[in-house]
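Undergrad: Task: produce atomic coordinates for the following.
(one chain, ligands or ions: 1)
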Amino acid sequence: MNNGEKKNMTVKTFGVIGSGQMGNGIAQVAAASGLQVVMSDVKQEFAEKGLAAIGKNLNRLVEKEKISQADGQAILSRVKITTNLEDMAAADYVVEAATEREELKFGIFRELDRICPPHVILGTNTSSIPIGRIAAQTDRPEKVIGMHFMNPVPVMKLVEVIRGLATSDETFSITWQLCEKFGKTPAEANDFPGFIANRILMPMINEAIFCLYQSVGKKEDIDTVMKLGMNHPMGPLALADLIGLDTCLAIMETLYDGFKDSKYRPCPLLRKYVEAGWLGRKSGKGFYTY
Ligand SMILES: NC(=O)c1ccc[n+]([C@@H]2O[C@H](COP(=O)([O-])OP(=O)(O)OC[C@H]3O[C@@H](n4cnc5c(N)ncnc54)[C@H](O)[C@@H]3O)[C@@H](O)[C@H]2O)c1
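TA: Just a heads-up that it's a prediction; the model follows:
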């Protein structure tokens, strides 16, 4: 048994920053694996909404007889919510899943570096912001890593584990094993804008939005072509609504900034929707109405 394996067993309390769709999903899988979870957000109502989403998800699993009612209650009871970042002092491992804005994440990592004991690993669920840039905000860059879950977290098997330039092998190994403990399949990526998943996925979604923008096809037809023609479970526009159009735009901006290649320019229609507050499912309207 190497050091990483030994240390992994000492992770008992798992911190999650952000109680949105990704944060509450990550909190749910961590609690389901037996860990105590502290989940934060900036407002009590946001944290409560995240906790309620976990409760609803677990109830659905009970109804489908995937878990017992007692298990559902036990999982939920392991998740504590807070609006005070200082409460992350109790965590052995923290994953940040706050809004995809670089300055916001930088601030969170500077604070976490002050609050958390030096041995604690700080993961980020960022979709595209370079891990090295986030790690540079801390005095522990070797303990900063990308832990990129897919949406919806309780359902999707993949976690992309991203090594920053300074990420240590021990940090990588503990993170990899945590993914497995959560019942996920990790895949390793290096630190380039968009990593693997969004480097490939997001230009496809952006191109689907260009097809709509240039009237190549109606939204339903664009989605039908990709669903039935390429055997994708969802069309790209419906998937963009699920991911959140603000998140999609932020990822395209990161790809465009990072590579300075015009093929990554965000479609003006995507920007227009985001500016109008049409963010997809989470706001009730995106390419489709919910
Ligand atoms: N949506 C997806 O499909 C998806 C997939 C993989 C990764 N991600 C990434 O996960 C992260 C979160 O995305 P999401 O879809 O859950 O967004 P979301 O908008 O649903 O949730 C973000 C949450 O973070 C909270 N937040 C903002 N600042 C905070 C702070 N300082 N402290 C604590 N909480 C704070 C917000 O109030 C909000 O509740 C982003 O980095 C995104 O790129 C998203």
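Undergrad: ok, Ile67 touching Asn59?
TA: No: Ile67 is beyond contact range of Asn59, at 10.0 Å (criterion: Cβ atoms under 8 Å). C-beta: built from backbone N, CA, C; applies to glycine.
Undergrad: The two: which is more packed in?
TA: Shown here are Ile67 and Asn59; by other Cβ atoms under 10 Å, Ile67 has more neighbours (17 against 14).
Undergrad: ok, now which ones touch the more buried one?
TA: Residues in contact with Ile67 (Cβ atoms under 8 Å, 6 or more residues apart in numbering) are Leu58, Leu61, Ile75.
Undergrad: Please repeat the previous calculation with a cut-off of 6 Å.
TA: Residues near Ile67 by Cβ atoms under 6 Å, 6 or more residues apart in numbering: Leu61.
Undergrad: ok, it to Ala27 distance?
TA: Remark: distance between Ile67 and Ala27 (Cβ to Cβ, to the nearest Å) = 16 Å.
Undergrad: ok, now Ile129?
TA: Between Ile129 and Ala27 the distance is 21 Å, computed by Cβ to Cβ.
Undergrad: quick one, which of these two is more surrounded?
TA: Ala27 (32 against 22).
Undergrad: That one touches Leu35, doesn't it?
TA: No: between Ala27 and Leu35 there is no contact under Cβ atoms under 6 Å: 9.5 Å.
Undergrad: And for the closest residue to the ligand within the stretch 151-290 of the chain, the neighbour number?
TA: Going by Cβ to the nearest ligand atom, the ligand is nearest to Asn151 of the stretch 151-290 of the chain, at 3.2 Å. Neighbour count for Asn151, taken as other Cβ under 10 Å: 15.
Undergrad: Name the helix or strand for it, please.
TA: For Asn151, there is no host helix or strand (DSSP states H and E).
Undergrad: Give the full set of residues in contact with the most centrally placed residue in the chain.
TA: The residue lying closest to the centre of the chain (Cα atoms, centre = their mean) is Asn125, at 4.1 Å. Taking Cβ under 6 Å, 6+ apart as the contact definition, Asn125 lies against Met22, Val95, Ala97, His148, Phe149.
Undergrad: So which of these would count as near the ligand as well?
TA: Filtering the contacts of Asn125 for proximity to the ligand by Cβ under 6 Å from any ligand atom leaves Met22, Ala97, His148, Phe149.
Undergrad: I'd like these as CSV, with secondary structure and pLDDT appended.
TA: Formatted as CSV, those follow (DSSP: H, G, I helix; E, B strand; the rest coil; pLDDT from 0 to 100):
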residue, secondary structure, pLDDT
Met22, helix, 97
Ala97, coil, 98
His148, strand, 98
Phe149, strand, 98
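Undergrad: pull the CA atoms of stretch 261-273 into PDB?
TA: Taking Å, rounded to 0.1, in the frame of the first residue of the first chain, the C-alpha atoms of stretch 261-273 are listed here in PDB:
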ATOM      1  CA  ASP A 261      -7.700  30.500 -32.100                       C
ATOM      2  CA  SER A 262     -10.900  31.900 -33.900                       C
ATOM      3  CA  LYS A 263     -12.400  28.400 -34.100                       C
ATOM      4  CA  TYR A 264     -13.300  28.800 -30.400                       C
ATOM      5  CA  ARG A 265     -15.100  32.100 -30.700                       C
ATOM      6  CA  PRO A 266     -18.500  31.900 -28.900                       C
ATOM      7  CA  CYS A 267     -21.500  32.200 -31.100                       C
ATOM      8  CA  PRO A 268     -23.100  35.600 -30.700                       C
ATOM      9  CA  LEU A 269     -26.500  33.900 -30.200                       C
ATOM     10  CA  LEU A 270     -25.100  32.200 -27.100                       C
ATOM     11  CA  ARG A 271     -23.900  35.500 -25.700                       C
ATOM     12  CA  LYS A 272     -27.300  37.100 -26.500                       C
ATOM     13  CA  TYR A 273     -29.200  34.400 -24.600                       C
END
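Undergrad: quick one: buried residues of that stretch?
TA: Neighbour counts over stretch 261-273 (16 or more other Cβ atoms under 10 Å) mark Tyr264, Pro266, Cys267, Leu269, Leu270, Tyr273 as buried.
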